[in-house]
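K.L.:
Provide a 3D model corresponding to the input given below.
(3 chains)
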Amino acid sequence: MEKHKVICPYCGAGCQFNLLVQNGQVVGTEPLNGITNQGELCLKGMSGYDFINDTKILTPRVLHPMIRRTKGADLERVSWDEALDFTASKMQAIIDEYGPNAVMTTGSSRGGGNEANYVMQKFTRACIGTHSVDNCART
Amino acid sequence: MSCSIPGMEDAGCIFLFGYNPADSHPIVARRIVRAKEKGCKIIVADPRHIETARIADLYLPIKNGCNVAFLNAFANCLVNDGLYDKEFVAEHTNGFDEWWETIKNYTPESVQDITGVEPALIHQAAEMYATANPSAIIGWGMGVCQQKQNLKTVHTIASIACVAGQIGKPNSGLAPVRGQNNVQGSCDMGMLPNLYPGYQKVTDPAVRAKFAKAWGVPEEKLPLEEGYKLTDLGHLVDEGKVHCFYNYGEDPVQTEPDSAGMRKTLSELDLFICQDIFMTQTTMLADVILPATSWGEHEGVFTASDRSFQHFDAAVPPKGECRHDWEIFADLSTRMGYPMHYDNTEQIWNECISLCPNFVGATYEKMAPEGGYAQWPVKSTDVNDHGTADMFAGGKFTTKDGRANLMAHDWEAPSELPDDEYPLILCTVREVGHYSCRSMTGNCKTLALLADEPGFVRMNPADAQARGIKNGNIVSIHSRRGQVYSRADVSDRINKGTVYMTYQWWIGKCNELTMHKVDPVSHTPEDKFSACQVDAIADQVWAEGEVERQYTELKQALVDAAAPQDVEPGAAKFDDETHVNQIV
Amino acid sequence: MGNKRVVADSSRCIGCQTCMAACIEAHDIPGNIAAPRLRVTRTYEISAPVACHHCEDAPCAKACPTGALFFDPKNHRIGVNEDNCIGCKSCVMACPFGAVSVATTQVPVLMGDVRVGSQTKSFVLKCDLCVDRPGGPACAEACPTKGLTLVDEERLAELTAERARATIENEA
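P.N.:
Down below sits the predicted model:
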């Protein structure tokens, strides 16, 4: 059984625990002596791990890039290259026509982490040229 | 938080105002239980008799929507009852006289109609808080933030801590505990239209020059004007100002007020990009869906509510074609003419902390071991220096003159008051076993077994009885915005006249009912107060079936929306041709 | 040696249901049913999970006509044999603590190795003290405020002695 140290992705208490991994599946948790949780977990930390395995209890994971070629068209799976080129050209066209403030982006206050957020705001500011990046701290 | 989560148990008094830790942060609630066992006095002001109210030394059953009036009365007692810290006020604050001009009008007696609380209780609470030894903490949550006067309420709380001298010493001050695991981190990283990473103002030319140089862009590329706020998306799209929305790891159709309005906004965008791990009610509307790795599949740093940075590892490899969020952003940026390349998260983190003076000591090395953390401000890279547990030591604040500016505001009534048609107050709250939009916890077997659709509407026995509603019945709840079904949870811990819906449910979805009414400065919606009506349903067999039908239909719609991802690029057309051939 | 039971300290209970989640996980194994055997219960003033008291003279076991509930002195408990349960609910009626319930689930009907259909099966749901679990009761281990304790005869004797001492001090 592999063990990997993580910080809980649920509330803001910042509990430390191990994810227990067997055959590539997350099969359990084990509390660690983190600064805030001292070896204790609540039910979300203890039992909130199996969504990673794509259980499809509520809704499926998205595993491949998809686009709608025109507004209202059906979703279509495409390669990463095509998805990102499509996005880049559409976004550039909007910036060219309406200016950088016509684009809004968000951070994620959930599982992505600080580094992902940092790169997102750098992309928004340095590449697009707007400060219209925000997060869900308001809701 | 100006204090730390571990330090809460060593405070002399914890005053919880609009915060139910047992449901939102059980591990913080645990600290409060331990504090109580160590002799800490507990004060709870909440319309509901919440778990912590059971162990409180003083419970104040306030009316919904009274926040600023109640706190002004509390502040009034600090002065009129001779409880305030004259020395702290003189040496560390500005504007006391002006502050008092407003506060003096709010005696507990004069606002009793608004607060619903016996004046004597407010006097006692003020005394318990002000005289607490060695320190007192005020903890608050969404009961403060998701109200009409949210920012003004925070000003008032902070001023109370200063006037009472209960800040600037260990285990004292302010404990606004964050709802999501990394809201603090999002703010730290500058996911805000007015701040760069590390709380550096976008309007400050020197800050702009620093970031422009570090990022290798001309200064003109980075505006000196603030950007747009997320809660303004609706009218910005209506007015033709915003045409593209890149939504990363959030589900606004579920979590923002007025879901119908949000769906309309998203459908009117020229380009709607969703980067997520799940097919959600938001993802399914997107023009571009970019699949990202989940927590458990990538490493990184989160910031806890008390400013503690902690590092998490990856446990399992990415699924399907999922890529790390930061790789997707960097790749897209490169394709749009601003090349970005990182080998790993540590490179990104090191660039970030090098630009943020308060974070420079938060190295991966410090955060790596079990129990490792770095709490900002953290300026030394010495592995034994974990940073700052308590901010504002010695009463030194982060203002220009180092003094706190006291602020007082007049109370205003909530925006939508109950009336004959919608006689009940609707307040949105949290389900202990679920989280945020529920895409993660709803896919966890144990948590789904403990609580599932259509969620709960918690109400007082008198309100239930008046409507012929029994505990456990499916009921219909409607407001000026919409109608949903949920399950009645009847309890005398709930105050009469208000119903509480947990906001995690996709069928029993309170945000179909809430209104989009935001505070003019913080732009936070007033989720804690709107008007609704609850009706009994005579035919419970039909109601159970209807809820089941809606749930099955929604789950099928999500599966259908995700189905195209099972068809490899190029294969769809071939399938169509085969189909045509078969018909022929 | 008498029966053991899990006892809750309501002053430490925060109503978070972590005990219930731990109970579900402990019983989420083939042949068992993933449902909590204890239930967090609330009044205006009190919160605490309610679980089987493992009475020495258990009315539930006496009422059970099929031996689904039985006296299990080896494990110091009232044992559960789910296979025998017929769903008659005599145990639910007999338990003075509201700590026993009956659930139904669909189980496959097999003909040899071939599944030919499914049928409804009753399960009595009651604390089994997690006797097969090396760490003891999952609920007590998981409770984040350490408000649940496995109490045995030795612990009861200690408690009785402590309270007797307190009594003479109070009455002196």
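K.L.:
check whether the helix or strand where B:T552 lies contacts chain A.
P.N.:
Under the criterion of DSSP states H and E, B:T552 resides in helix B:540-562. Yes: Helix B:540-562 reaches chain A (Cβ under 8 Å from any Cβ of the partner chain) through B:555, B:558-559, B:561-562. All C-beta spots, glycine's among them, are computed from the backbone N, C-alpha and C.
K.L.:
from the residues you listed, which is closest to C:Y44?
P.N.:
C:Y44 lies nearest to B:K555 out of the residues of helix B:540-562 next to chain A, by Cβ to Cβ, at 37.3 Å.
K.L.:
That closest one contacts A:L58, doesn't it?
P.N.:
Yes: because the distance of 6.8 Å satisfies Cβ atoms under 8 Å, B:K555 is recorded as touching A:L58.
K.L.:
In contact with B:Y342, which residues?
P.N.:
A:119, B:326, B:330, B:348 (Cβ atoms under 8 Å, 6 or more residues apart in numbering or on different chains).
K.L.:
Neighbour-wise, which one of the residues you listed leads?
P.N.:
Among those, the one with the most neighbours (other Cβ atoms under 10 Å in any protein chain shown) is B:W326, at 28 neighbours.
K.L.:
Contacts for the strand or helix carrying that residue next, please.
P.N.:
With secondary structure defined by DSSP H and E, B:W326 is part of helix B:325-335. For helix B:325-335, the external contacting residues (Cβ under 8 Å, 6+ apart) are A:80, A:84-85, A:87-88, A:108, A:112-113, A:115-116, A:118-120, A:122-123, A:126-127, B:248-249, B:275, B:290, B:292-293, B:298, B:323, B:339-342, B:345, B:348.
K.L.:
and B:V475, helix, strand or coil?
P.N.:
Classification of B:V475 using DSSP: H, G, I helix; E, B strand; the rest coil returns strand.
K.L.:
and it, what pLDDT?
P.N.:
With respect to pLDDT, B:V475 has a value of 97.
K.L.:
Could you pull up phi and psi at A:D134?
P.N.:
phi -150, psi 170 (degrees, to the nearest 10).
K.L.:
Isn't A:R110 up against B:R178?
P.N.:
No: with contact defined as Cβ under 8 Å, A:R110 does not reach B:R178; the gap is 11.7 Å.
K.L.:
ok, the two, which is more surrounded?
P.N.:
Set A:R110 next to B:R178 and count neighbours by other Cβ under 10 Å: A:R110 wins out with 30 against 26.
K.L.:
about what we covered before: need the contacts of B:Y342 in a markdown table (columns: pLDDT).
P.N.:
Putting the contacts of B:Y342 into a markdown table (pLDDT from 0 to 100) gives the following:
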| residue | pLDDT |
| --- | --- |
| A:V119 | 97 |
| B:W326 | 97 |
| B:A330 | 98 |
| B:I348 | 97 |
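K.L.:
which of those residues sit farthest apart?
P.N.:
Using Cβ to Cβ, the two most remote members of those are B:A330 and B:I348, lying 9.0 Å apart.
K.L.:
okay, and the common contacts of those two?
P.N.:
Joint contacts of B:A330 and B:I348 (Cβ under 8 Å, 6+ apart) are A:119, B:342.
K.L.:
element containing B:N471, please.
P.N.:
Applying DSSP H and E, one finds B:N471 in no helix or strand.
K.L.:
quick one: average pLDDT of the longest helix along chain C?
P.N.:
Longest helix in chain C by number of residues (criterion: DSSP state H): helix C:153-171. For helix C:153-171, the mean pLDDT works out to 90.
K.L.:
what's in contact with it?
P.N.:
Against helix C:153-171 from outside (Cβ under 8 Å, 6+ apart): C:1-2, C:4, C:149, C:151.
K.L.:
Alpha carbons only: can I get it in CSV?
P.N.:
Taking C-alpha atoms only, helix C:153-171 is exported to CSV below (Å, rounded to 0.1, in the frame of the first residue of the first chain):
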residue,chain,number,x,y,z
GLU,C,153,-16.3,-3.8,33.0
GLU,C,154,-12.9,-2.5,34.2
ARG,C,155,-13.7,1.0,33.0
LEU,C,156,-17.1,0.8,34.6
ALA,C,157,-15.5,-0.3,37.9
GLU,C,158,-13.2,2.8,37.7
LEU,C,159,-16.1,5.1,37.0
THR,C,160,-18.1,3.7,39.9
ALA,C,161,-15.2,4.1,42.3
GLU,C,162,-14.6,7.7,41.1
ARG,C,163,-18.2,8.6,41.6
ALA,C,164,-18.4,6.9,45.0
ARG,C,165,-15.4,9.0,46.1
ALA,C,166,-17.1,12.1,44.8
THR,C,167,-20.3,11.1,46.7
ILE,C,168,-18.7,10.8,50.1
GLU,C,169,-16.8,14.1,49.5
ASN,C,170,-20.0,15.9,48.6
GLU,C,171,-22.0,14.4,51.4
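K.L.:
what's the distance between the closest residue to A:Q22 other than its chain neighbours and chain C?
P.N.:
Nearest residue to A:Q22, sequence neighbours excluded (Cβ to Cβ, 6 or more residues apart in numbering or on different chains): A:M1, at 5.5 Å. Here the criterion is Cβ to the nearest Cβ, to the nearest Å. By it, A:M1 lies 15 Å from chain C.
K.L.:
do B:I160 as well
P.N.:
26 Å.
K.L.:
Can you tell me which of the contacts of helix C:153-171 are buried?
P.N.:
C:4, C:151 (16 or more other Cβ atoms under 10 Å in any protein chain shown).
K.L.:
Which one of the contacts of helix C:153-171 is nearest to chain B?
P.N.:
Nearest to chain B among these, counting by Cβ to the nearest Cβ, is C:T149 at 15.1 Å.
K.L.:
so how far is the helix or strand hosting the closest one from its chain's centroid?
P.N.:
Taking DSSP H and E as the criterion, C:T149 maps to strand C:148-151. In terms of Cα atoms, centre = their mean, to the nearest Å, the centre of strand C:148-151 is found 12 Å from the chain centre.
K.L.:
Can you spell out which helices and strands pack onto that strand?
P.N.:
Judged by 3 or more Cβ pairs under 8 Å, 6 or more residues apart in numbering or on different chains; DSSP states H and E, strand C:148-151 is in contact with strand C:5-8, helix C:138-142.
K.L.:
can I get these in TSV with distance to chain A and mean pLDDT?
P.N.:
Below are the helices and strands packed on strand C:148-151 laid out as TSV (distance: least, Cβ to the nearest Cβ, whole Å; pLDDT from 0 to 100):
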stretch	distance to chain A	mean pLDDT
strand C:5-8	16	95
helix C:138-142	6	97
